[in-house]
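A.B. asks: I'd like to go over a predicted model; first the sequence, then the structure.
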Amino acid sequence: MATRRVAALTGAVLLLGIAGAARATERLGIGRPATEAEIAAWNIDIDRDGRKLPPGSGSVAQGRAVFEAHCASCHGSRGEGGIGDRLVGGQGTLASAKPIKTVGSFWPYAPTLFDYIRRAMPLNAPQSLSADEVYAVSAYLLRLNGLVSDETILDAKSLAAIRMPNRDGFVPDPRPDVRP
């Protein structure tokens with residue numbers, strides 16, 4: 001009974017806080033609704049199947065140069081890790097006592113690698129790489145993990161076609177609101 005009262009009180013306080021913030025914005029003239037252009041500029045997420053991947057392409061060789069210039073200072077010269085996460089290796093370790101979660105061992109979908117690099121990297125300048133540079137870095141990281149050849153050139157179609165080793169390693173989410 002006491003738990004229900006606490007939950008109800010917490011919900012009421014939360015709703016009052018949200019309503020109060022909305023009224024303060026109107027009353028004080030602080031903020032404004034985002035424009036369609038502002039929303040579009042941030043609406044750059046890529047689905048796991050590669051929907052919404054942008055035009056462009058990049059090779060493993062180009063990716064090596066971009067990685068050395070923008071990524072190696074944190075992730076090591078060959079993705080072995082440093083102040084940033086390890087990106088290479090770890091295949092076959094996920095079921096062990098000390099799993100190594102990397103691009104090659106843990107990530108289930110290659111397009112989400114593009115998405116993450118594009119939105120969040122490099123850490124000191126997120127969203128600063130062009131689509132071609134992100135395709136190239138993705139190709140280089142996939143090459144370092146043995147998933148593509150040295151001659152690979154990635155674009156939207158070829159990136160979406162890559163089957164990652166851990167594709168089937170996740171438990172499906174049964175909630176109907178999150179199904180693709």
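C.D. replies: Alright, I've got the coordinates. All values reported here derive from a predicted model rather than from experimental measurement.

A.B. asks: from now on I want contacts and neighbour counts done on CA atoms only, so please keep to that.
C.D. replies: Noted.

A.B. asks: run a quick neighbour tally on the nearest residue to residue 52 once chain neighbours are set aside.
C.D. replies: In space, and not counting its chain neighbours, residue 52 is closest to residue 46: 5.6 Å by Cα to Cα, 6 or more residues apart in numbering. Neighbours of residue 46 under the rule other Cα atoms under 10 Å: 19.

A.B. asks: pop out the phi and psi values for residue 46.
C.D. replies: When read as degrees, to the nearest 10, the backbone of residue 46 gives phi -110, psi 130.

A.B. asks: who touches it in this structure?
C.D. replies: 52-53, 111-112, 114-115 (Cα atoms under 8 Å, 6 or more residues apart in numbering).

A.B. asks: over to residue 142?
C.D. replies: 103-104, 148.

A.B. asks: can you map out the helices along the protein?
C.D. replies: 2-28, 36-42, 60-70, 72-75, 110-120, 131-144, 156-161 (DSSP state H).

A.B. asks: now, of those helices, which is deepest in the fold?
C.D. replies: helix 131-144 (a mean of 26; mean count of other Cα atoms under 10 Å).

A.B. asks: average pLDDT across it?
C.D. replies: On average, the pLDDT along helix 131-144 is 98.

A.B. asks: just want the angle from that helix to helix 110-120.
C.D. replies: Orientation of helix 131-144 against helix 110-120 (axes from the mean of the first three to the mean of the last three Cα atoms, to 10 degrees) gives an angle of 130 degrees.

A.B. asks: need the helices of the chain in TSV (columns: distance to residue 177).
C.D. replies: As requested, these are exported to TSV (distance: least, Cα to Cα, whole Å):
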stretch	distance to residue 177
helix 2-28	23
helix 36-42	22
helix 60-70	37
helix 72-75	36
helix 110-120	20
helix 131-144	30
helix 156-161	24
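
A.B. asks: hey, least reliable of those helices by pLDDT?
C.D. replies: helix 2-28 (a mean of 60).

A.B. asks: just give me the neighbour total for residue 147.
C.D. replies: Residues contacting residue 147 under the criterion other Cα under 10 Å number 16.

A.B. asks: swap in residue 174?
C.D. replies: Residue 174 has 8 nearby residues by other Cα under 10 Å.

A.B. asks: also residue 98?
C.D. replies: 9.
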